[in-house]
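Visitor: Sequence first, then the predicted structure:
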Amino acid sequence: MPRLPAPPLPKGLRPRPKPPGDDNGAGVADTLDPLEAGVTAVDWIDERTSLTPVGRWLLFRKVPRGVNWYYTLGSATLFAFLNQAVTGVFLAMYYRPDASGGAYESVRYITTDAFLGQFVRGMHKWGASVMIILIFLHMGRVFFFGAYKYPRELTWIIGVVLLILTLAMGFTGYLLPLDQRAYWATVVGVNINAGGPFIGPYLSNFLFGGADFGATTLSRFYAIHMLIIPGAIVALIGAHLYLVTKLGITAPPWLKAEPEKQFQPETDV
Ligand code: HEM
């Protein structure tokens, strides 16, 4: 018996048009290989953001022949910084910048009572020294390989600011436990700054929050250590890595400038 054609579906119930490239009408769940799920998720983001070329620009770069372990020191410094950021966030969940005993007590609590507190504090404390050692080694590598020369002068200058900020992180962080050693080290350190030419007295006034160590000094160091310097470091690392990616990495100085031999041959990935 012939069937009457079905009445048209209301607009809200009609199937949505397929996006370009989706060839059959089967549901995604029927056709998707579980191994492809990750690829599909990346595709989904990429279709909306077009970020893939940026990732490719960042990661698939030509690297000169002869690069060696010394070239990993910059990334090692970056890793040390990320360790400081992650452990610092957890310490900040317990730390109290209270100069009337609360700061010392909160650090004591982290070290002796908080779950994994001693471990996280140790990672942060030793990580600070590790980062400073690595940044100097990275700077030494750049210097001895002549990588600071044209066109990488700006990468070097940003690096110098990063070095100063990293040392300032060490100085401001040292006060935070507010024990005797922290207090006196800070008094000595700020007074050394006060002896500097021209800006010395203004600098010490700014750091102490007055003529001498006072009620606001700890909050000031805390804000500098937690907010101002880390923010500046993140922005400057971004600029530093942008320049490293844009300009490429210097070949080791013992390689002769032979343009046709300078790069690794491309391989299929
Ligand atoms: C937070 C601190 C720093 C981080 C995270 C960092 C990170 C990096 C990374 C990942 C590279 C590429 C790989 C490498 O050459 O190791 C690099 C290259 C470079 N860095 Fe740094 N860096 C820092 C501090 C410094 C300092 C203190 C200087 C010098 C004063 C500096 C100068 C340079 C230069 C000139 C290059 C280009 C090297 C080349 O082209 O071969 N960086 N940095």
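Guide: Ah, there it is.

Visitor: Helices of the chain, start to end?
Guide: Here the chain has its helices, by DSSP state H, at 28-31, 37-49, 52-59, 73-92, 102-112, 117-144, 153-175, 180-194, 200-208, 217-223, 229-247.

Visitor: any residue of the fourth one up close to the ligand?
Guide: Read it as helix 73-92. Yes: contact between helix 73-92 and the ligand, assessed by Cβ under 6 Å from any ligand atom, occurs at 73-75, 77-78, 81. Quick note: C-beta positions are derived from backbone N, CA and C, even for glycine.

Visitor: Nearest to the ligand: which residue in the stretch 101-250 of the chain?
Guide: G159 (2.1 Å; Cβ to the nearest ligand atom).

Visitor: confidence score at that residue?
Guide: In this model, G159 is scored at 98, pLDDT.

Visitor: Just list the residues touching it, thanks.
Guide: Residues in contact with G159 (Cβ atoms under 8 Å, 6 or more residues apart in numbering) are 139, 142, 240.

Visitor: Can you tell me which residues in the stretch 101-250 of the chain are near the ligand?
Guide: Residues of the stretch 101-250 of the chain lying near the ligand (Cβ under 6 Å from any ligand atom): 135, 138-139, 142, 147-148, 152, 155-156, 159-160, 162-163, 166, 237, 240, 244, 249-250.

Visitor: Just the buried residues from those, in ChimeraX please.
Guide: Buried residues among these (16 or more other Cβ atoms under 10 Å), as a ChimeraX selection:
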select :135,138,139,142,147,148,152,155,156,159,162,163,166,237,240,249,250
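
Visitor: ok, back up a step: could you point out which of the contacts of G159 is nearest to L4?
Guide: Distance to L4 across these (Cβ to Cβ) is lowest for H240, with 71.7 Å.

Visitor: Tell me how far that closest one lies from Y222.
Guide: 26 Å (Cβ to Cβ, to the nearest Å).

Visitor: now do A6
Guide: Distance, A6 to Y222, using Cβ to Cβ: 70 Å.

Visitor: Also Y95?
Guide: 8 Å.

Visitor: which neighbours do the two share?
Guide: L176.

Visitor: List the residues that contact the closest residue to the ligand within the stretch 1-150 of the chain.
Guide: Nearest to the ligand, among the residues of the stretch 1-150 of the chain, is G74, at 2.5 Å (Cβ to the nearest ligand atom). Each residue near G74 by Cβ under 8 Å, 6+ apart is listed here: 138, 244.
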